[in-house]
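J.: need coordinates for the following:
(2 chains)
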Amino acid sequence: MKKNSLWPGIILFLAVSSLFNISFAAEKIYIDIDFPTFQLFPIAISDFDLKNPATAKSSDTGIMFTDEVRKYLAMSGFFNILNKKSYLEDKAAEVAGGNIIFANWAAIGADYLLKGNLEQTGDAISADTWLYDVIRGETLLGKRYQGKISEQTEVTKRIVSDILLALTGDEGEFNTKIAFVAKKGPKGDIYVINYDGDGLQKVTGHNSIMVAPRWSPDGRFLSFTSFRDGRPEVYLRDLQKGTEKKIASFSGLNLSGAWSPDGKSLLLTLSKEGNEEIYAMELESFKLKRLTSNFGIDVSPSWSPDGRRIAFVSNRGGSPQIYIMDADGGNVKRITYEGNYNTSPSWSPRGGRIAYEGSSNGRFQIFTIDEEGNNLLQLTFSSTDNESPVWSPSGRQIAFSSRINSGGRISIMNANGLNMRVLYENNDKVVMPVWSKRFK
Amino acid sequence: MKRKIFIVGIFAVLVMCLVFLSGCAEKKSVVKEGAAEDQTVSSQTAAKDTAKEDAERLAREKAEREARERAERERMESEKRAAASRADNVKDIYFDFDKSNIRPDAREVLKANAEIFLSGNNKIVIEGHCDERGTAEYNMALGERRAQETKKYLTNLGVSAATMKTISYGEEHPIASGHDEAAWAKNRRASFVVNPQK
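T.: Have a look, this model is predicted:
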């Protein structure tokens, strides 16, 4: 009797879930690019045709423009750009925006195809661009991009952002920056570099021990700890005005922590009461609220994207591990149990997962784990120490620093650990990368 | 009438001044000429004798002055050395990896250090350090913890908490540069600055 009474429920469940399947199918389907087995999108990018070769500065203009699109698309981390030598393209029979012979592109293994025309008049360029789904034979994107020749890189970034948006539902990280500490010996300063590795800029002039840089959610401020005046104090730098002020100078340790998602408060690690505890500082009033109360070390707080919870490091269990607590300090829960040294938590801006560094076979590697402490994933396996993971604004990539013999390196990889690229490398130590918001 | 006398008086004073000044000027020129004559005319031996006497006198005075200064310097330096040698006897203490508890071997060192700290009106900065392994940010906190634990232990030995400050340098100021356990063991330490300049 009991057994029988289950059946209507199961039938209802199946009916409802099939309904859901239908409604999902009706919406745009994005491939789950974060899945560990995700295969890079195979895409063919046909050289843009130059519409007016007579007036263009160089007959290579179209090819050079297309090469830049290829470069930025590769940089995004999700594309396998097929070698153009393999293309069976019939330039005479095919028209960008018109007749496309999809079979020729499917034959070389392309799932997607990008074609376009480039026009150059005076100091202006105009690029008509089409993105095709080769398997379905559909046009996914058809758009004209315009700008000055001097802004060609910006135009190509806009095209690549739109391709990413069409295929993944997110525009990618091209308008973001990464700040980090570069140091000679113990002394260093904070530098900022663009996502594409250009535009390196020194932003502080302390030449002292610098740790824990953190970007404000609006991208305008950097908080950090500096020993410029002989001891660790927390500073706030206004990147727009180029001004700085000291905001925490209590006795003992003053360490900068994460900004709340609304930008109104900053988490700090202070030892003014004799033990290293996490505090929230209201930036309007500089009022402090103590969040942890434990005999051990509590440090490196990172806010959840909804501002309701905080991940942090504590050694209350005998070794440094990642814990989560409510934003008021309640409900403390340990989430890492694997390994005896897990630090530097960073909460994904999409929620769900926390990245951290952990000791594994005598080396530090990057891991992610979900908020419940399940589904642990090791992302790096190299023989160097890999540290300080931070998420990109989309939550699809992670930047981290590596200690290498000759100095230091900042790399970017996909959230599943694949498609790593070097963002910056130097003979100096480069450490503690932090990712900005999108600036446009 | 009175006024006339006054004016005459002023005039007289002015005249006297003029005479006096010109007299001086004359004297000077005389001395100069005389000196010139000395150099050219007077016998060389006489000049040598006076010069010799002067030099001897000056040398004697100089030696006496220098001896006095040297004695004073030595007295001050020996005082400094005594203070410094007391501070030199202050020893670092060491910690286990990722730990901040005071080890048994460190307790003896802290007892000896406490005696020196208590021997005068001393101010002490306790520096906490870590080895290069681990996370720089976590090590900042760990170094502070080591300094705090050290301060607590010294307080229990009678050193006034008000005379002690803590600072963590994390892993930024290693004392040994190697990348092995021997170097790491030396770098996981609390060190002491007695009466810092600043």
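J.: A:N374: how many residues sit nearby?
T.: Using other Cβ atoms under 10 Å in any protein chain shown, A:N374 is surrounded by 8 other residues. Quick note: C-beta positions are derived from backbone N, CA and C, even for glycine.
J.: so it, which of the three states?
T.: coil (DSSP: H, G, I helix; E, B strand; the rest coil).
J.: would you mind measuring from it to A:E338?
T.: As for A:N374, its distance to A:E338 is 11 Å (criterion: Cβ to Cβ, to the nearest Å).
J.: just the pLDDT for whatever residue of the stretch 301-440 of chain A ends up closest to chain B.
T.: Here the residue of the stretch 301-440 of chain A nearest chain B is A:T343; by Cβ to the nearest Cβ that distance is 4.1 Å. On the pLDDT scale, A:T343 is placed at 97.
J.: test my guess that it contacts A:V313.
T.: Yes: look at A:T343 against A:V313 with Cβ atoms under 8 Å: they come within range, at 4.9 Å.
J.: mutual contacts of the two, please.
T.: A:300, A:320, A:322, B:135, B:138 (Cβ atoms under 8 Å, 6 or more residues apart in numbering or on different chains).
J.: helix or strand for the first one, which one?
T.: Per DSSP states H and E, A:S300 falls inside strand A:298-303.
J.: before we move on, what about the third one?
T.: Secondary structure here is read from DSSP H and E; on that basis A:I322 sits in strand A:321-326.
J.: distance between the longest helix seen in chain B and the chain's centre?
T.: Looking across chain B with DSSP state H, the single longest helix is helix B:44-88. Distance, stretch centre to chain centre, for helix B:44-88: 20 Å (Cα atoms, centre = their mean, to the nearest Å).
J.: let me see the contact set for the spatially closest residue to A:M420 that is not a sequence neighbour.
T.: In this structure, A:M420 finds its nearest non-sequential neighbour in A:M413, 4.2 Å apart by Cβ to Cβ, 6 or more residues apart in numbering or on different chains. Residues in contact with A:M413 (Cβ under 8 Å, 6+ apart) are A:77, A:379-380, A:397-398, A:400, A:419-421.
J.: and if you look at A:T243?
T.: Per Cβ under 8 Å, 6+ apart, neighbours of A:T243: A:R237.
J.: show me what it is bridged to.
T.: A:D238 (DSSP bridges).
J.: before we move on, what about A:E233?
T.: Beta-bridge partners, per DSSP bridges, of A:E233: A:S226.
J.: give me the neighbour count for it.
T.: For A:E233, using other Cβ under 10 Å, the count is 20.
J.: setting aside sequence neighbours, what's the nearest residue to the residue positioned nearest the centre of chain A?
T.: Centroid check for chain A by Cα atoms, centre = their mean gives A:S392 as the closest residue, at 1.6 Å. Distances taken as Cβ to Cβ, 6+ apart place A:E173 nearest to A:S392, at 4.7 Å, with adjacent residues excluded.
J.: how near is that neighbour to chain B?
T.: Remark: distance between A:E173 and chain B (Cβ to the nearest Cβ, to the nearest Å) = 24 Å.
J.: contact residues of chain B facing chain A?
T.: By Cβ under 8 Å from any Cβ of the partner chain, the residues of chain B that approach chain A are B:98, B:134-138, B:140-142, B:144-145, B:148, B:165-170, B:172-173, B:198.
J.: any quick PyMOL command for the buried ones out of those?
T.: What follows is the PyMOL syntax for the buried subset of the residues of chain B next to chain A, where burial is set by 16 or more other Cβ atoms under 10 Å in any protein chain shown:
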select buried, chain B and resi 98+134+135+136+137+138+140+141+142+144+145+148+165+166+167+168+169+170+172+173
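J.: beta-bridge partners for the residue of the stretch 301-440 of chain A closest to chain B, please?
T.: A:E357.
J.: mind listing the helices in the chain by residue range?
T.: With no chain named, the answer covers chain A. Going by DSSP H, chain A shows helices at A:2-26, A:61-75, A:102-107, A:152-168.
J.: please refer instead to chain B.
T.: B:2-40, B:44-88, B:104-118, B:136-156, B:181-187.
J.: summarise which helices and strands the second one is packed against.
T.: So that's helix B:44-88. In terms of contacts (3 or more Cβ pairs under 8 Å, 6 or more residues apart in numbering or on different chains; DSSP states H and E), helix B:44-88 is packed against no helix or strand at all.
J.: quick one: average confidence on that helix?
T.: pLDDT averaged over helix B:44-88 gives 79.
J.: and the residue of the stretch 101-250 of chain A closest to chain B?
T.: Of all residues in the stretch 101-250 of chain A, A:P186 sits closest to chain B, at 4.0 Å by Cβ to the nearest Cβ.
J.: tell me the spacing between the nearest residue to that residue once chain neighbours are set aside and A:D385.
T.: Residue nearest to A:P186 in three dimensions, not counting chain neighbours: B:E172, with 4.0 Å by Cβ to Cβ, 6+ apart. Distance, B:E172 to A:D385, using Cβ to Cβ: 16 Å.
J.: next, give phi and psi for the residue nearest to the centre of chain A.
T.: phi -80, psi 160 (degrees, to the nearest 10).
J.: that one against A:S436, yeah?
T.: No: counting by Cβ under 8 Å, A:S392 sits too far from A:S436 to count as a contact (9.7 Å).
J.: overlap in contacts of these two?
T.: A:T176.
J.: re the thing from before, so which bits of the strand holding A:I322 are buried?
T.: A:321-325.
J.: what does stretch A:140-153 give?
T.: Judged by neighbour count using 16+ other Cβ under 10 Å, the buried positions of stretch A:140-153 are A:140-141, A:145, A:147, A:152.
J.: now stretch A:342-360
T.: For stretch A:342-360, the neighbour count (16+ other Cβ under 10 Å) marks A:342-349, A:353-360 as buried.
J.: go through the residues you listed and say which is closest to A:I100.
T.: A:P349 (37.1 Å; Cβ to Cβ).
J.: for the closest one, report the pLDDT, please.
T.: 95.
J.: list the contacts of it.
T.: A:305, A:391-395.
J.: mind listing the strands for the stretch 251-400 of chain A?
T.: A:254-259, A:265-270, A:277-282, A:288-290, A:298-303, A:309-314, A:321-326, A:333-334, A:342-347, A:353-360, A:363-370, A:377-378, A:385-391, A:397-404 (DSSP state E, counting those that start in this stretch).
J.: which residues are in contact with the fifth one?
T.: The contact list for strand A:298-303, computed with Cβ under 8 Å, 6+ apart, reads A:212, A:255, A:257-261, A:267, A:269, A:276-278, A:291-292, A:309-314, A:316, A:327, A:343-347, A:354, B:135, B:137-138, B:140-141.
J.: and the second one, by the same measure?
T.: Under the contact criterion Cβ under 8 Å, 6+ apart, strand A:265-270 has outside partners A:214, A:223, A:234, A:247-248, A:250, A:252-260, A:276-283, A:288, A:291, A:298-301, A:303, A:310, B:141.
J.: B:A190 contacts B:E144, correct?
T.: No: the pair B:A190 and B:E144 fails to qualify as a contact (Cβ under 8 Å) at a distance of 10.6 Å.
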